[in-house]
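Enquirer: please find the sequence and the predicted model below.
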Amino acid sequence: MPNQKILALDNLSLQEMDPDAELIPLMTPEDEEEMNNEALPEDIAILPLRNTVLFPGVVIPITAGRDKSIKLINDANAKGKIIGVVAQIDENEEDPSPSDVHHIGTVARIMRVLKMPDGNTTVILQGKKRFEVEAFTQEEPYLRAKIKEVAEERPDDKNVEFKTIVDSIKELAIQIIKESPSIPTEATFAIKNIESNPFLINFVSSNMNLSVEEKQKLLSIPNLKDRALETLRFMNLELQKLEVRNDIQSKVRFDLDQQQREYFLQQQMKTIQEELGGVSYEAEIEEMRAKGLKKKWDDKTAKHFEKELSKLQRTNPNSPDFGIQRNYIELFLELPWNEFTKDNFDLKRAQKILDRDHYGLEDVKKRIIEHLAVLKLRNDMKSPILCLYGPPGVGKTSIGKSVAEALGREYIRMSLGGLRDEAEIRGHRKTYIGAMPGRILQNIKKAKTSNPVFVLDEIDKLSTSHNGDPSSALLEVLDPEQNKEFHDNFLELGYDLSKVMFIATSNSLSTIQPALRDRMEIIEMTGYTIEEKIEIAKTHLLPKQLKEHGLTTKDLQIGKKQLEKIVVGYTRESGVRGLEKKIAQVVRHAAKSIAMDETYNVKVSDADILEVLKSPRMERDKYENNDVAGVVTGLAWTSVGGDILFIESLISKGKGAMTMTGNLGTVMKESVTIALEYIRANAEFLGINPDVLNNYNIHIHVPEGATPKDGPSAGIAMLTSMVSSFTQKRIKKNIAMTGEITLRGKVLPVGGIKEKILAAKRANIKEIILCKENKRDIEEIKPDYIEGLTFHYVDKMSEVLDIAITNQKVKNAKNLESKN
Ligand SMILES: Nc1ncnc2c1ncn2[C@@H]1O[C@H](COP(=O)(O)OP(=O)(O)OP(=O)(O)O)[C@@H](O)[C@H]1O
């Protein structure tokens, strides 16, 4: 490459200088011709060069340090200034002998000799012609040799191939200068200004970044065209090396730049933020980062958090995005991640807690203890989700709470009643304004642990809307296969719900989405008998209410008799929620009296109850009597538990028409039709005068008219009612019935038996007619509940009538014998 030393020459302190000598860095064709015409001396002093090769026409500075070299230069400088220059084979050789130097070299003219301040001598040499040593004639005080000129085979200047090679050399040289950071761009001008082709080749060869060996090889090639080609080859290599080097460097530089750029921008933004709002969020963000480090995240979550935190750092605090992003980060920090409470699997203790909080419910407690036992053994929570199913107020929700206490877990309850939007469960995407996580994650956040007992209340009350189906989102929550990676739209990252113990509660099974129902193990909780309610009131509800009102048993006592009065006279429910409210009313009354220093009875009397709770409400569901034809007690099941209902029928003169009233549903109406058709078909066998069927209209009514009713279970009661009307015979006293009918005269089983039986007992019913297949249900009921009840299990409709219809006519029976 063009040697910088040439360009830096002006800076050298010139101590000794040949005033005639001119600095000719570039050689014109005329100079060249003149140089070619110069004759070479036959015998010449030889200067060995350690690490360079001198080419004809080229000017180079060399430093002479060795005594021999200095002497040679001084002698030559004084005489004809012409010397021979050869390259050393081994540059480390201090005193090279003839065999230590190359035998092809260049005759040179000493242009200047400069004494440098460090004691060395710098000599500016210009190459003239190439020579070959014929024989060394002297070794001391320096080398001398007999030489002969190496003839140069030159192609014609018009030779196209040679011209092309020379052009390429020029082009490449310019390119190399551009790519190389160490060559000043001015060198381009030097190259462009070279007119002589041989000089160009020599100039480039001399300045290229080649080893001495390679340069010597170039110098030794006799044919100029061959030398040009070889030079071009070296140049190509050099250019490629440079390009690769630059490429690598630019990549490295880019990375650095990027980092620096970000740092710079952040600093700038910090300053702008401080100037605008006066608040720097840096400290807050760093605090968040420190909190994040304490979280038990897996790698994926930790990386995600860091990414999102950096995003927050880059967001302008005055933009709405900042708030959203900060909420998002805070959610990550507030949510429990792999933070578990240790389970207490002492099942005896669990049983004690369940017994302490809930009276009765033996089967349910047993089932729950079994469930906990399985959890204890498997320890992976992959047992089915429990669904407690039963009427309101029977303790479904509160049992969940006791389970949490027994296990030593946090307890959370989420009501699903009326939930219609999938986003309530899964949350909204972060991009929505006011977006929040779904309620599942919000509750987990509240629980602060990853394994709470999570009660999903009223799972049967979920509904669908155009905003998606929340049940399908719940499916994912409850499915042990999927809930390891529960997807919340706001969180955007799977959250592990698999360690959460879910307990669902439901009032009805029919409205639970079937796929959801499949994933749960249903535990039925029936209503309570009057005795049980009294016991619950005494042992749980009253003490609880006293405590809540800041009273003790010294302040207020309610005896069993009074409790029964409250249960029977003021509540009509399967559970005890209404009862609890009534007791609360009585307790409140006492609390008020104490607070106002009024006198009151510590032992609540019947009169007190009447005063506080006013008159008992009308007892609708009490069996009345059998004085009237066509009034049958049926048993119904509603979502608030079992109930009795009266089926009434009445005949009046007409043409055999039938009317139905009482807000009956389709299935119920069909039951009436089936019953009537059955009666028509079997009139004689049933002892009914066929004329009566044609000459009387029949009207069926089921009070209360405002309450919609449906279902097939009133079938046998309808039949019995109509037969009683058509025969004017009394129905057996204190009997109730439930069962579906068919046209063939068969009785089919129905559901809700336990609830219905309890309702019947409350209503003072003594005998109950049921389908044979319902016997199983009766056997499952605790004997205490059914004490004093007689069950008649039937197969056929005729059996029902045999049991239920007496031979006695009712009071004021219509005379149906005579034909009208
Ligand atoms: N067997 C029982 N022993 C003691 N207390 C009971 C019992 N059953 C219910 N309770 C009490 O009755 C009240 C109502 O119970 P809870 O709220 O659990 O009813 P629920 O069955 O979940 O009703 P819903 O279906 O309306 O949610 C609670 O205070 C509960 O403690």
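Expert: That came through, no problem. Computed from a predicted structure; not experimentally measured.
Enquirer: quick check: closest non-adjacent residue to T539.
Expert: The shortest distance from T539 to any non-neighbouring residue, by Cβ to Cβ, 6 or more residues apart in numbering, is to Y359 (5.6 Å). (Glycine included, C-beta is placed from N, CA and C.)
Enquirer: correct me, but the one you found touches E532?
Expert: Yes - under the criterion of Cβ atoms under 8 Å, Y359 makes contact with E532 at 6.9 Å.
Enquirer: contacts for stretch 701-709?
Expert: Contacts to stretch 701-709, defined as Cβ atoms under 8 Å, 6 or more residues apart in numbering, come from residues 620, 634, 636, 645-650, 660-665, 668, 714.
Enquirer: and the residues you listed, which of them are buried?
Expert: Buried members of the contacts of stretch 701-709, counted by 16 or more other Cβ atoms under 10 Å: 634, 636, 645-650, 660, 662-664, 668, 714.
Enquirer: now compare those and name the two farthest from each other.
Expert: Farthest pair in the buried ones among the contacts of stretch 701-709 (Cβ to Cβ) is A636 and L650. Separation: 20.8 Å.
Enquirer: hey, C-alpha coordinates of stretch 444-452 in CSV?
Expert: Coordinates of each C-alpha in stretch 444-452 appear next as CSV, following Å, rounded to 0.1, in the frame of the first residue of the first chain:
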residue,chain,number,x,y,z
ILE,A,444,-56.6,-15.9,43.3
LYS,A,445,-54.9,-12.6,43.7
LYS,A,446,-57.0,-11.9,46.8
ALA,A,447,-56.3,-15.4,48.2
LYS,A,448,-52.5,-14.7,47.9
THR,A,449,-51.8,-18.4,47.6
SER,A,450,-51.8,-20.7,44.6
ASN,A,451,-53.8,-23.4,46.3
PRO,A,452,-56.9,-22.0,47.9
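Enquirer: contacts for it next, please.
Expert: Contacts of stretch 444-452 (Cβ under 8 Å, 6+ apart): 331, 334-341, 343, 381, 404, 409-412, 437, 454, 495-497, 499-501.
Enquirer: can you tell me which of the contacts of stretch 701-709 are in helices?
Expert: M668 (DSSP state H).
Enquirer: looking at the contacts of stretch 701-709, which are in strands?
Expert: Counting by DSSP state E, the contacts of stretch 701-709 place G634, A636, L645, F646, I647, E648, S649, L650, M660, T661 in strands.
Enquirer: and the residues you listed, which is closest to the ligand?
Expert: Minimum distance to the ligand across those is 18.7 Å, recorded for A636 (Cβ to the nearest ligand atom).
Enquirer: is the closest one in a bridge, and if so with what?
Expert: D643 (DSSP bridges).
Enquirer: I'd guessed it sits against K756; true?
Expert: Yes - at 7.1 Å, A636 and K756 qualify as touching, with contact defined as Cβ under 8 Å.
Enquirer: need the overlap of contacts for the two.
Expert: G642, T738.
Enquirer: so is A151 in a helix, a strand, or just coil?
Expert: With DSSP: H, G, I helix; E, B strand; the rest coil as the basis, A151 sits in coil.
Enquirer: how many neighbours does the closest residue to it other than its chain neighbours have?
Expert: Of all residues not flanking A151 in the chain, P222 sits nearest, at 7.1 Å (Cβ to Cβ, 6+ apart). If you count neighbours by other Cβ atoms under 10 Å, P222 ends up with 12.
Enquirer: return the distance of P222 relative to E153.
Expert: For P222, the distance to E153 equals 6 Å [Cβ to Cβ, to the nearest Å].
Enquirer: can you pull out the low-pLDDT segments for the protein?
Expert: Residues of the chain meeting the criterion pLDDT under 70: 1-32, 157, 251-259, 270, 273-280, 380-383, 464-467, 617-625, 639-641, 817-820.
Enquirer: the top strand by length along the chain - contacts with which helices or strands?
Expert: Counting residues, the longest strand found in the chain (DSSP E) is strand 121-138. The contact analysis (3 or more Cβ pairs under 8 Å, 6 or more residues apart in numbering; DSSP states H and E) places strand 121-138 against helix 29-37, strand 43-49, strand 59-64, helix 67-78, strand 82-87, strand 104-115, strand 144-149.
Enquirer: who does that strand pair up with?
Expert: With DSSP bridges as the test, strand 121-138 is paired with strand 59-64 (antiparallel), strand 104-115 (antiparallel), strand 144-149 (antiparallel).
Enquirer: just confirm K352 is within a helix.
Expert: Yes - per three-state DSSP, K352 lies within a helix segment.
Enquirer: distance of it from D346?
Expert: K352 is 9 Å from D346, by Cβ to Cβ.
Enquirer: okay, the two: which has more neighbours?
Expert: Shown here are K352 and D346; by other Cβ under 10 Å, D346 has more neighbours (15 against 12).
Enquirer: how much space between the more buried one and T666?
Expert: Going from D346 to T666 by Cβ to Cβ gives 54 Å.
Enquirer: same question, N815
Expert: 36 Å.
Enquirer: residue in the stretch 401-550 of the chain with the shortest distance to the ligand?
Expert: Among the residues of the stretch 401-550 of the chain, H540 lies closest to the ligand, at 3.7 Å counting by Cβ to the nearest ligand atom.
Enquirer: what strand or helix carries L770?
Expert: According to DSSP states H and E, L770 maps onto strand 767-771.
Enquirer: in its sheet, what does that strand sit against?
Expert: strand 735-737 (parallel), strand 790-794 (parallel).
Enquirer: got TSV for these, with mean neighbour count and distance to Q482 too?
Expert: Formatted as TSV, the strands paired with strand 767-771 follow (neighbours: other Cβ atoms under 10 Å; distance: least, Cβ to Cβ, whole Å):
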stretch	mean neighbour count	distance to Q482
strand 735-737	27	47
strand 790-794	16	45
